[in-house]
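>>> prediction below, plus the sequence it came from.
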Amino acid sequence: MQDRTQPPLQPAKAPTAAAAVLFGLCLGLAAWGGWTALGARIDRDTACLSCHIDNVATGEPAHIAHLSNKIGLRARCADCHAGESWPARLQFLTRHAADVAGFLGHITDTPEQQDAHQLALASRVWANMEADSSAACRSCHAVAMMDLAKLSTDAANGMRASMKPGASCVSCHKGVMHKLPTVTTAWLTRSLADLAAASRPAAGARGMTVGTRKLFLQPDGIASGQGEATVLPGVDMEVLEAAGGNLQVRLSGWQTDNAPRAVYAAKGQHILTASLTPAAVAAAVRSEDSATDPDTQLVWRRVTLTGWIDSGGLATAPDAVWSVVQTVYGALCASCHAAPSPSVHNPNQWIGVMSAKRKLLPLDDDGNRLLLRFLQLRAQESAHAG
C-alpha cells in the first residue's frame, strides 16, 4: 500500500526565462562590481608601490617631467602600464601575474633583489611598448599636434620618424619616467651563462659562443688548454659530434690571402670570427671559389675549420643571446642619447666607434666584443657582404 504520509516527489520545474535573465544580471553585476573595484585598485599608485618598494613616488628624482612640472600634471603608474580598455587591463594583469608570484615567493621583495632584476623587467616593458607602438605614450602625446618648428632639427626629424607605422616612442625615449637600469658585466655574464647552461648541444645542432673560446684540433688537446684557434663571442657554428663534455664543431668564414690567420664573418668586412695559429691555418679547408674586393683589390676565400671545444660556453638559442645584447645596447646608449640604429654605420666603421666608446662602457672584453659583433652583423653593408 502506498505510503500517503509523504507527498510524491515532483520533477523540478525548469527556471523561467525571467529567472534566468535575473540570474545572469546578478552575475553580470557581480562581475562588473569586482572588475570596477579591481580597476580602481589598479588606478592607485599605492597598489604598485606595495610591491615596487623603491620606485617612482619614493626613490626617484621628483624633477622628472612626468612627476613634477609647472602645470601640475602627473602620470600615474596605470596611465603608462595598464591602459584604459578592458583588454589592455586584462593583458596587464596576466602579464604581471608572474611578478606578483615572484614578490610573494621572496624573489623580488627587497630593493636589492629588485635592483638585480631591474634590467630584465625593464626590457620586458620596453618590448611590450614597442610591440604596441607605445600606445600608452600616444594616449597623451599626439605627434601630429606638436609644433616641430620649436624643436631642434634632429629632434624634429626623430619625431617625424615616430609617425611611421610601427614606430615606438620608447625606442628613443627610455628613462623619461624611471631611472635607467644599471648595466653591469656581472648581469650580462650571468644572463649568457644561464643560456649556455640551459643548452644541450647535440650532433646536427647549431650553437653560438657566449664568450671567447679556445678551439682544439684534437680532443685530447683540451686538457692542455693550449688551443690552436681563439673563437670570439657571438660566433655561430655547427655541432658535428658530442662526446662527454666536449663538442666537435665546424665554423666557417672568410680569409684574405695576405692575412690567413684571421677568419671573418663576411668578405670585405672586418667582422672578426676567430684568430688562428699556424697549425690551424694549415688545417683549415679553403674553397676554390674566391672574390676580389673592388675597393681594396684583396682576394677573399671561404674557409672552414673543424675542431673541438668544451660545451660549457655554447648556447643553442642564438636569438636569445642577441636579445640579451639588444637589451644591453638599448640601456647603455639610452643613458646619454637615443640608441642609434646599427645601420647608421658599416661594419668597419663600427670598429672605430666602439673603440672610442670603450672606456665609457661598463663591460669586460667579452662583453665589448659581443656588442661590437651584434652591431657589425646588423650594419648597413653586412647583410649582403657574404
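Looks like it arrived, so ask away.
>>> count of neighbours near Asn69?
Residues lying near Asn69 (other C-beta atoms under 10 Å) number 11. Backbone N, C-alpha and C define where each C-beta goes, glycine included.
>>> same question, Ala161
There are 12 residues near Ala161, going by other C-beta under 10 Å.
>>> check it and give its pLDDT.
At Ala161, the model reports a pLDDT of 78.
>>> where does the closest residue in space to it that isn't next to it in sequence sit, in terms of helix or strand?
For Ala161, ignoring the flanking residues on the chain, the nearest one in space by C-beta to C-beta, 6 or more residues apart in numbering is Ala167 at 6.2 Å. Using DSSP states H and E, Ala167 maps to neither a helix nor a strand.
>>> likewise Ala88?
Judged by DSSP H and E, Ala88 forms part of helix 86-95.
>>> mean confidence score for that helix?
On average, helix 86-95 scores 70.
>>> surely Pro233 touches Arg369?
Yes - Pro233 is within contact range of Arg369, at 5.2 Å (criterion: C-beta atoms under 8 Å).
>>> which intervals of the stretch 251-386 of the chain have sub-threshold pLDDT?
334-338, 381-386 (pLDDT under 70).
>>> show me where it has strands.
For the stretch 251-386 of the chain, the strands defined by DSSP state E, counting those that start in this stretch occupy 259-266, 269-276, 285-292, 299-310, 314-315.
>>> out of those strands, the one nearest Ala122 is which?
For the strands of the stretch 251-386 of the chain, the distance to Ala122 is smallest for strand 314-315, at 22.4 Å, taking C-beta to C-beta.
>>> so what touches the closest one?
Residues from elsewhere that reach strand 314-315, judged by C-beta atoms under 8 Å, 6 or more residues apart in numbering: 192, 195-196, 198-199, 201, 207-210, 213, 237, 239, 247, 249, 321.
>>> same question, stretch 250-264
Residues outside stretch 250-264 that contact it (C-beta under 8 Å, 6+ apart) are 215, 231, 235-238, 240, 265-267, 270-278, 281, 284, 286, 298-306, 386.
>>> could you give me the ChimeraX selection string for whichever of those are buried?
A single ChimeraX command suffices to select whichever of these are buried according to 16 or more other C-beta atoms under 10 Å:
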select :215,231,235,236,237,238,265,266,267,271,272,273,274,276,277,281,284,300,301,302,303,305,306,386
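>>> if we ignore the residues flanking it in sequence, what's nearest Thr292?
Nearest to Thr292 is Val299, by C-beta to C-beta, 6+ apart, at 5.4 Å.
>>> check contacts around the one you found.
256-257, 290-293.
>>> quick check: it vs Gly253, distance?
Per C-beta to C-beta, to the nearest Å, Val299 is found 15 Å from Gly253.
>>> same question, Ile71
58 Å.
>>> which one of these two has more residues nearby?
Shown here are Ile71 and Gly253; by other C-beta under 10 Å, Gly253 has more neighbours (23 against 4).
>>> so the more buried one bridges to which residues?
Gly253 forms beta bridges with Val303, as assigned by DSSP bridges.
>>> now do Ala78 against Cys48, distance only.
In this view, Ala78 and Cys48 are 8 Å apart by C-beta to C-beta.
>>> repeat for Thr292
Distance of Thr292 to Cys48, given as C-beta to C-beta: 61 Å.
>>> again with Ser224
Here Ser224 is placed at a distance of 55 Å from Cys48 (C-beta to C-beta).
>>> of the two, who's got more company?
Using other C-beta under 10 Å as the criterion, Ser224 and Cys48 rank with Cys48 on top: 18 against 10.
>>> which non-adjacent residue is nearest the more buried one?
In space, Cys48 is closest to Cys77, 4.3 Å off (C-beta to C-beta, 6+ apart).
>>> was I right about the one you found contacting Leu67?
No - contact criterion C-beta under 8 Å: Cys77 and Leu67 do not qualify, at 11.3 Å.
>>> quick check, Phe216 in contact with Glu228.
Yes - between Phe216 and Glu228 there is a contact under C-beta under 8 Å: 6.2 Å.
>>> roughly how far does the spatially most central residue of the chain sit from Gln255?
What sits nearest the mean C-alpha location of the chain, by C-alpha atoms, centre = their mean, is Ser323, with 3.5 Å. Distance, Ser323 to Gln255, by C-beta to C-beta: 31 Å.
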